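Structural data only, the sequence is not supplied:
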């Protein structure tokens, strides 16, 4: 007679280990897993949506970054605003070129630095003398380290510097005296070196740290130190003057100029000279003009930035030959990307009021078949050389007003041009009213700031009036390509409230909600798993008890399984 077995298998479902199939022989673990997986399908679908959102978020981040790069390239070409006498723009940069009237390399004679304050024109320069620092030496010494047995002090300096007092004791050597002079060189502008001139001879050399300055000394108490070491002769004069101090001498546009330094940065505004060598027989010509290469570089940077953005748009619009969307096209058919792309392309159709050139095509910038930009560099170079101002006006907004106490301080406007008369009422202390054509609802005044109200044609324009009387200001404003482009991109790329940033924040919020939903689904599925384990455990227990009862009955009746 045999009994029905009650042993089973150890199984794991989730994090729970239990005995399965002991009495029924059923694979209850598999049944539980299948039931739980059915419940988890919703969470898996949510995970797919989260991954899709993350891919889209990354796509928006790339679009935002490329748009910001393009905006930065346009900002370099746009107008800066405020009361400053210069806006620091690339158009104000100046470039200087130098040439000689012979075969001498001008850079071997002179270095030139030109800033935007320099006047455009041609200048002549002749370097007649290079400034030199004074240098004197001591008598020769047989031992630079031997104690000299001198007691006393002396003062030393370059003229216009501070006196340094050098105290000498009996144990001092030539080396230690030089060290004391160097320790005080920050005040005196005199340095010392001990030079080994031969196998058994040393000499101390005193050098002025500034050119054109005479070295002054004064004997103090005790021994006459400078005479004792041979810097002075018996009459107090320098015994070995190696180099006299000399001033720089330059003829600039025929005018004699003298400085005690070889760097002359106060000659004319915006021009600094660095004298390297004198050559009285060579005339250097300095031509100062607009820095056309810098403007060209800025324009080429804009083109590269635009094309990088355009490549991204093309990638995200790709459809394979079988009609499926490319895996890389995470923003396929995205409205924000399409709006940004079409808005930018629309700028290229605008005619800008500049005179000689009114479109980018006229200076050599146009679309290729993929709507990427290509540049005819020869045409661009000629435009910059022939009419630099027209190229500037094409990219940079042109602003004018007739009041020196009034200026534009900010421009984020999307309007191509505006011309209006602004009536300002001032009570001597504050601005009390601002209107155009009698309408005072167009601007908001805060202190001296006048800001165009949202929803009006003046939105995005901010002005400042620092006067204290009532006045009417006539304002003329024609937007350039760079200003319009940068302002347009700001609406998309601003990392606080731009369209792209808002969409990224929305995705983050969606994913937080989806993640919470997925967690709840998994929690419910896990609870369901535990309930099934408990259910099957009861089933196995009940079945086991029933089988035990049957076995007992069979034992009483004396039967076996085959009866």
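Done, it's in. Quantities reported herein were computed from a predicted structural model and do not represent experimental measurements.

Spell out the residue ranges of the strands in the stretch 1-150 of the chain.
Per DSSP state E, counting those that start in this stretch, the stretch 1-150 of the chain carries strands over the ranges 9-13, 16-20, 94-100, 110-114, 121-129, 135-137.

Columns mean neighbour count on top of the ones you listed, output as a markdown table?
No exception for glycine: its C-beta is placed from N, CA and C like everyone else's. Formatted as a markdown table, the strands of the stretch 1-150 of the chain follow (neighbours: other Cβ atoms under 10 Å):
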| stretch | mean neighbour count |
| --- | --- |
| strand 9-13 | 15 |
| strand 16-20 | 17 |
| strand 94-100 | 16 |
| strand 110-114 | 18 |
| strand 121-129 | 16 |
| strand 135-137 | 20 |
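
Tabulate those strands (TSV), appending mean pLDDT.
Shown next, in TSV, are these (pLDDT from 0 to 100):
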stretch	mean pLDDT
strand 9-13	47
strand 16-20	48
strand 94-100	95
strand 110-114	96
strand 121-129	98
strand 135-137	98
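
Rebuild those strands as TSV, extending it with distance to residue 330.
TSV is the format used below for those (distance: least, Cβ to Cβ, whole Å):
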stretch	distance to residue 330
strand 9-13	37
strand 16-20	40
strand 94-100	45
strand 110-114	48
strand 121-129	56
strand 135-137	71
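
and of those, who's closest to residue 52?
Residue 52 lies closest to strand 9-13 among the strands of the stretch 1-150 of the chain, at 30.3 Å (Cβ to Cβ).

quick one: low-confidence parts of the stretch 301-450 of the chain?
Residue ranges of the stretch 301-450 of the chain with pLDDT under 70: 353-357.

related to what we said a few turns ago, out of the strands of the stretch 1-150 of the chain, which gets nearest to residue 77?
Per Cβ to Cβ, nearest to residue 77 of these: strand 94-100, 17.2 Å.

So which elements touch the closest one?
On a contact count with 3 or more Cβ pairs under 8 Å, 6 or more residues apart in numbering; DSSP states H and E, strand 94-100 meets strand 110-114, strand 284-290, helix 292-315.

Make CSV out of the ones you listed and add distance to residue 274.
Formatted as CSV, those follow (distance: least, Cβ to Cβ, whole Å):
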stretch, distance to residue 274
strand 110-114, 4
strand 284-290, 12
helix 292-315, 21
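
Which of the ones you listed sits closest to residue 70?
Closest approach to residue 70 among the helices and strands packed on strand 94-100 (Cβ to Cβ): helix 292-315, 4.2 Å.

tell me which residues in that closest one are buried?
By neighbour count on 16 or more other Cβ atoms under 10 Å, the buried set for helix 292-315 is 292, 295-296, 298-303, 305-307, 309-310, 312-313, 315.

so residue 235 sits in a strand?
No. Counting by DSSP: H, G, I helix; E, B strand; the rest coil, residue 235 falls outside a strand, being coil.

Need phi/psi at it.
Phi and psi for residue 235, reported as degrees, to the nearest 10, are phi -90, psi 0.

Run a quick neighbour tally on it.
Neighbourhood size, residue 235 [other Cβ atoms under 10 Å]: 7.

Next: residue 318.
12.

Relative to residue 374, how far out is it?
Computed with Cβ to Cβ, to the nearest Å, the distance linking residue 318 and residue 374 is 21 Å.

list the helices and strands the helix or strand hosting residue 207 packs on?
Here residue 207, judged by DSSP states H and E, is contained in strand 201-208. In terms of contacts (3+ Cβ pairs under 8 Å, 6+ apart), strand 201-208 is packed against strand 135-137, helix 174-183, strand 190-198.

quick one: contacts of the first one?
Think strand 135-137. 203-208, 215, 231, 238-243 (Cβ atoms under 8 Å, 6 or more residues apart in numbering).

between the helices and strands packed on strand 201-208, which gets nearest to residue 34?
Residue 34 lies closest to helix 174-183 among these, at 89.1 Å (Cβ to Cβ).

and that closest one, what other elements does it pack with?
The contact analysis (3+ Cβ pairs under 8 Å, 6+ apart) places helix 174-183 against strand 164-168, strand 190-198, strand 201-208.

and of those, who's closest to residue 558?
With Cβ to Cβ as the criterion, residue 558 lies closest to strand 190-198 of the helices and strands packed on helix 174-183, at 124.3 Å.

strands paired with that closest one, and their directions?
If you go by DSSP bridges, strand 190-198 pairs up with strand 201-208 (antiparallel).

could you give the angle of the strand it pairs with to helix 174-183?
In terms of direction (axes from the mean of the first three to the mean of the last three Cα atoms, to 10 degrees), strand 201-208 departs from helix 174-183 by 10 degrees.

what residues does the helix or strand hosting residue 489 touch?
Using DSSP H and E, residue 489 sits within helix 481-493. Residues from elsewhere that reach helix 481-493, judged by Cβ under 8 Å, 6+ apart: 64, 67-68, 70-71, 74-79, 302, 336, 339-340, 343-344, 347, 350, 352, 360, 394-397, 411-414, 416, 460, 498-501.

The helix or strand following it: how far from the chain's middle?
Downstream of helix 481-493, the next assigned helix or strand under DSSP H and E is helix 499-557. With Cα atoms, centre = their mean, to the nearest Å as the basis, helix 499-557 stands 55 Å off its chain's centre.

And for stretch 404-424?
29 Å.

Next, the distance between the ends of stretch 364-375.
By Cα to Cα, to the nearest Å, the extent of stretch 364-375 from end to end equals 5 Å.

For it, buried residues please.
Buried residues in stretch 364-375, defined by neighbour count with 16+ other Cβ under 10 Å: 364, 365, 372, 373, 375.

try stretch 202-221
Buried residues in stretch 202-221, counted by 16+ other Cβ under 10 Å: 202-208, 210-213, 215-217, 219-220.

Stretch 494-502 now?
Residues of stretch 494-502 classed as buried under the neighbour-count rule (16+ other Cβ under 10 Å) are 494, 498, 499, 500, 501.

For the residue nearest to residue 181 when sequence neighbours are not counted, name its beta-bridge partners.
Distances taken as Cβ to Cβ, 6 or more residues apart in numbering put residue 192 closest to residue 181, at 4.1 Å, once the chain neighbours are dropped. Per DSSP bridges, the residues bridged to residue 192 are residue 206.

thought residue 192 was touching residue 206?
Yes. Between residue 192 and residue 206 there is a contact under Cβ atoms under 8 Å: 5.5 Å.

Just the pLDDT for the nearest residue in space to residue 123 that is not next to it in sequence.
The shortest distance from residue 123 to any non-neighbouring residue, by Cβ to Cβ, 6+ apart, is to residue 286 (4.4 Å). Reported pLDDT at residue 286 in the predicted model: 98.

What about residue 286, how many residues nearby?
22.

who touches it in this structure?
By Cβ under 8 Å, 6+ apart, the contact list for residue 286 reads 96, 97, 98, 112, 122, 123, 124, 125, 271.

Look up which residues are beta-bridged to it.
Beta-bridge partners of residue 286, as defined by DSSP bridges: residue 98, residue 123.

just to revisit the earlier point, out of the strands of the stretch 1-150 of the chain, which comes closest to residue 469?
Among the strands of the stretch 1-150 of the chain, the nearest to residue 469 by Cβ to Cβ is strand 94-100 (37.5 Å).

for the residue nearest to residue 332 when sequence neighbours are not counted, phi and psi?
Distances taken as Cβ to Cβ, 6+ apart place residue 325 nearest to residue 332, at 4.9 Å, with adjacent residues excluded. The phi and psi values for residue 325, taken as degrees, to the nearest 10, are phi -80, psi 140.

And residue 325, how close does it get to residue 312?
Distance of residue 325 to residue 312, computed by Cβ to Cβ: 15 Å.

can you check residue 331 too?
For residue 331 relative to residue 312 (Cβ to Cβ), the value is 8 Å.

Quick check: neighbours shared by those two?
The contact sets of residue 331 and residue 312 overlap at residue 63 (Cβ under 8 Å, 6+ apart).

separation between the residue nearest to residue 123 and residue 372?
Between residue 286 and residue 372 the computed distance is 41 Å (Cβ to Cβ).

All set now, cheers.
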